[in-house]
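Student: predicted model, plus sequence, below.
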Amino acid sequence: MNINRRKFITTLGLATVSTQIPSFVVQATTSPNNIIKPPRLKLGDTVGLISPAGLIDSEDLREAREIFTKLGLKVKPGRHILDRYGYLAGIDRNRARDVNAMFADKSVKAIIAMRGGWGGNRILPLLNYNSIRANPKIIMGYSDITSLLLAITTLSGVVTFHGPVATSTWNDFTLKYVKSILFDAQAVAMNNTLITKLNREIITPGKAKGKFIGGNLSVINSMLGSSYLPVWKNSILFIEDIGEDVYRVDRMLVQLKNAGILNQLSGFVFGQCTRCSTGDEPSLTLMQVLQEHIAPLNIPAWYGSMIGHIRDKFTLPIGINIEIDANTGIIKMLEAAVS
């Protein structure tokens, strides 16, 4: 166990805070009039833990139980949470069964993915989006979980949350936003410049409003051409990634541009590209790539926010209206994300 994580677990006191299913074909439902905000979390609620992508072990599950118990929550693991199938946490239909079962289970009030990895895209056709819409609840994760978050918001109209997975570092910074947004139903302003030395670079100054959509850049690119991505018009795109050479980031942004997505945006935030290097060959810098593809859009945009494969994370609601200020690096929620 990570030493800081063990220390956090011992000092935390937030309490003073199915059968096999067919492919489901549904239409996108995310117009402003039919977005559904899931109920907020309360102390004593049950959190469902799932492994919809990469595999975990029993120690990961034990630590997760301890973390959420310290948060004043009960824990219900998915039936197949410890399954293994190669690099996946079990076969596709069983991982999908756990997702569907958690949404259908009236005792479960929120669903947290154990980790990312790979595998979310594989189960999207097996999710029951009509049932999810009928039983809205918080679902949260990041990295590969991006695929589930975007598909659920797009096809069910339920607000989802790009935030820590169960195996993340649940430190004070991360918990501040989890508590404010998921428990207290606050519309918060997220600003890392006041509390971190994280470098931030403005691409285009200004403010913009729009629907907040995003996640892992590689995963979003893997979903292009599918019915699981939202309507992009007047949205604000946030992205993050890890371990990608700059030329790959360049390639993926070109894909988004050629797909007609970038020119529909009203704003852009690149959180962190963790361990994204220029490699050994001649290369552009990441900022050169961003200036080339994003600056010509003439929309407020910057690089450097607490989003991605980093210890301190914002909790970002997908599907609600926000305002960004590229001059200050502030992401301001214009409405609560839970009911």
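Tutor: Cool, got the structure.

Student: so who does the residue nearest to the spatial centre of the chain touch?
Tutor: Most central in the chain under Cα atoms, centre = their mean is residue 162, positioned 2.1 Å from the mean C-alpha point. Counting by Cβ atoms under 8 Å, 6 or more residues apart in numbering, residue 162 touches 140, 141, 142, 146, 149, 214, 215, 238, 307, 315, 316, 318. In this view, the C-beta of every residue, glycine as well, is placed from N, C-alpha and C.

Student: what sits up against the helix or strand containing the fourth one?
Tutor: What it means is residue 146. Here residue 146 sits within helix 146-156, counting by DSSP states H and E. The contact list for helix 146-156 (Cβ under 8 Å, 6+ apart) reads 26-30, 36, 52, 99, 113, 120-121, 123-124, 127, 129-130, 132-133, 136, 139, 141, 158-162, 213-216, 219-220, 222-223, 227-230, 318-319.

Student: pLDDT score assigned to the residue nearest to the centre of the chain?
Tutor: Reading off the confidence values, residue 162 has pLDDT 98.

Student: so residue 241 is in contact with residue 276, correct?
Tutor: Yes - with contacts counted by Cβ atoms under 8 Å, residue 241 reaches residue 276, the gap being 6.5 Å.

Student: partners of the biggest strand by length in the chain in the sheet?
Tutor: Longest strand of the chain, by residue count under DSSP state E: strand 207-216. Using DSSP bridges, strand 207-216 pairs in its sheet with strand 235-242 (parallel), strand 321-325 (antiparallel).

Student: and residue 241 and residue 276? Which one has more around it.
Tutor: More crowded of residue 241 and residue 276, by other Cβ atoms under 10 Å: residue 241, with 25 against 17.

Student: distance check, that one against residue 161.
Tutor: 19 Å (Cβ to Cβ, to the nearest Å).

Student: what does the domain assignment say about the protein?
Tutor: The chain resolves into domains spanning 46-168, 189-333 when parsed by the TED database.

Student: and these as JSON lines, adding distance to residue 177?
Tutor: Listed next are the domains of the chain as JSON lines, based on distance: least, Cβ to Cβ, whole Å:
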{"stretch": "domain 46-168", "distance to residue 177": "7"}
{"stretch": "domain 189-333", "distance to residue 177": "4"}
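
Student: closest one to residue 176 among these?
Tutor: domain 189-333 (9.0 Å; Cβ to Cβ).

Student: which of the strands paired with strand 207-216 is buried the deepest?
Tutor: Across the strands paired with strand 207-216, the average number of neighbours (mean count of other Cβ atoms under 10 Å) peaks for strand 235-242, which reaches a mean of 24.

Student: can you add mean pLDDT and give the strands paired with strand 207-216 back as JSON lines?
Tutor: Converted to JSON lines, those look like this (pLDDT from 0 to 100):
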{"stretch": "strand 235-242", "mean pLDDT": "97"}
{"stretch": "strand 321-325", "mean pLDDT": "98"}
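
Student: now those strands in a markdown table, with distance to residue 256?
Tutor: Output for the strands paired with strand 207-216, formatted as a markdown table (distance: least, Cβ to Cβ, whole Å):
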| stretch | distance to residue 256 |
| --- | --- |
| strand 235-242 | 8 |
| strand 321-325 | 18 |
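
Student: ok, back up a step: looking at the domains of the chain, which is buried most?
Tutor: domain 46-168 (a mean of 22).

Student: I'd like the distance from that domain to the chain centre, please.
Tutor: 12 Å (Cα atoms, centre = their mean, to the nearest Å).

Student: please apply the same query to stretch 323-338.
Tutor: On Cα atoms, centre = their mean, the centre of stretch 323-338 falls 16 Å from that of its chain.

Student: again, but for stretch 288-302
Tutor: Using Cα atoms, centre = their mean, the offset of stretch 288-302 from its chain centre is 23 Å.

Student: export it as PDB, just CAs?
Tutor: The C-alpha coordinates for stretch 288-302 follow below in PDB (Å, rounded to 0.1, in the frame of the first residue of the first chain):
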ATOM      1  CA  GLN A 288       3.600  23.900 -30.200                       C
ATOM      2  CA  VAL A 289       1.000  21.200 -31.100                       C
ATOM      3  CA  LEU A 290      -1.600  22.900 -29.000                       C
ATOM      4  CA  GLN A 291      -0.900  26.300 -30.400                       C
ATOM      5  CA  GLU A 292      -1.200  24.900 -33.900                       C
ATOM      6  CA  HIS A 293      -4.500  23.000 -33.500                       C
ATOM      7  CA  ILE A 294      -6.300  25.000 -30.700                       C
ATOM      8  CA  ALA A 295      -5.300  28.600 -31.100                       C
ATOM      9  CA  PRO A 296      -6.800  29.000 -34.600                       C
ATOM     10  CA  LEU A 297     -10.200  28.000 -33.100                       C
ATOM     11  CA  ASN A 298     -10.200  31.400 -31.300                       C
ATOM     12  CA  ILE A 299     -11.900  30.000 -28.200                       C
ATOM     13  CA  PRO A 300     -10.700  30.300 -24.600                       C
ATOM     14  CA  ALA A 301      -8.200  27.600 -23.900                       C
ATOM     15  CA  TRP A 302      -5.300  26.600 -21.700                       C
END
